[in-house]
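Chemist: Structure of the sequence below:
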Amino acid sequence: MTSEDPTPEASEWIYFIHPLRPDFGDTMTDEESAVWKEHFERYQRLLDEGTLILAGPTLGSVNTGIFIFEAPDEDAARAIMEEDPVIARGFAQGELRSFRVSLMRGRG
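Modeler: Down below sits the predicted model:
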C-alpha cells in the first residue's frame, strides 16, 4: 500500500480485456485470430504454472474477457497484463484491479 493508493497489495488480481469493437469474437481478421490464439496458449501456460485462477470471455455483442490470477504485487500483476499478446499488440485494452476470491466452488 502506498500513500497515494489506499488499496492494500493483493495476491489475487483481475484484469478485464476490452476488444476495440463490438462483436469482436465474430469479426476477427486472420491476423487478430492468430494473436488471440497466442493469447489463449499463454493462458494455458499460466494455468499450468499455477498463476491463472479463472479466465474467459463474456458472450454476445460485448466480448469483455476476464482473467483472474495471482501475483505478488501490483507491478508483477501489471506486467502479466501488459505482456498479454492482445494487449501488447494493441488488439485490446486491459484494465487491472486488485481482487479477492471470496467464494469459489472447490475452494474452501
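Chemist: Only C-alpha atoms from now on, for both contacts and neighbour counts.
Modeler: OK.
Chemist: What residues sit buried inside the biggest helix by length in the chain?
Modeler: Criterion DSSP state H: the longest helix present in the chain is helix 30-49. Under the neighbour-count criterion of 16 or more other Cα atoms under 10 Å, helix 30-49 has Glu32, Val35, Trp36, His39, Phe40, Tyr43, Leu46 buried.
Chemist: counting contacts, what elements does the helix or strand of the chain with the lowest mean pLDDT pack onto?
Modeler: Scoring the helices and strands of the chain by mean pLDDT, DSSP states H and E places helix 24-27 at the bottom, with a mean of 88. Helix 24-27 sits against no helix or strand, with contacts defined as 3 or more Cα pairs under 8 Å, 6 or more residues apart in numbering; DSSP states H and E.
Chemist: Okay, now the unreliable bits of the chain?
Modeler: Along the chain, segments meeting pLDDT under 70 span 1-10, 108.
Chemist: so who does the residue nearest the centre of the chain touch?
Modeler: By Cα atoms, centre = their mean, the mean C-alpha position of the chain lies nearest to Phe67, the distance being 3.3 Å. For Phe67, the contacting residues are Ile14, Tyr15, Phe16, Ile17, Leu52, Ile53, Leu54, Ala55, Gly56, by Cα atoms under 8 Å, 6 or more residues apart in numbering.
Chemist: ok now the least confident helix or strand of the chain, how far from the chain's centre?
Modeler: Computed by Cα atoms, centre = their mean, to the nearest Å, the chain-centroid distance of helix 24-27 equals 18 Å.
Chemist: cool, stretch 65-78 as well?
Modeler: In terms of Cα atoms, centre = their mean, the centre of stretch 65-78 is set 8 Å apart from its chain centre.
Chemist: what are the ranges of the helices in the chain?
Modeler: So, for the chain - with DSSP H - the helices run 24-27, 30-49, 74-82, 85-88.
Chemist: Mind listing what's buried along the last one?
Modeler: Meaning helix 85-88. Buried, per 16+ other Cα under 10 Å, within helix 85-88: Pro85, Val86, Ile87.
Chemist: between those residues, which is nearest Asp73?
Modeler: Checking these against Asp73 by Cα to Cα gives Ile87 as the nearest, at 19.8 Å.
Chemist: What subset of the contacts of Phe67 is buried?
Modeler: Ile14, Tyr15, Phe16, Ile17, Leu52, Ala55.
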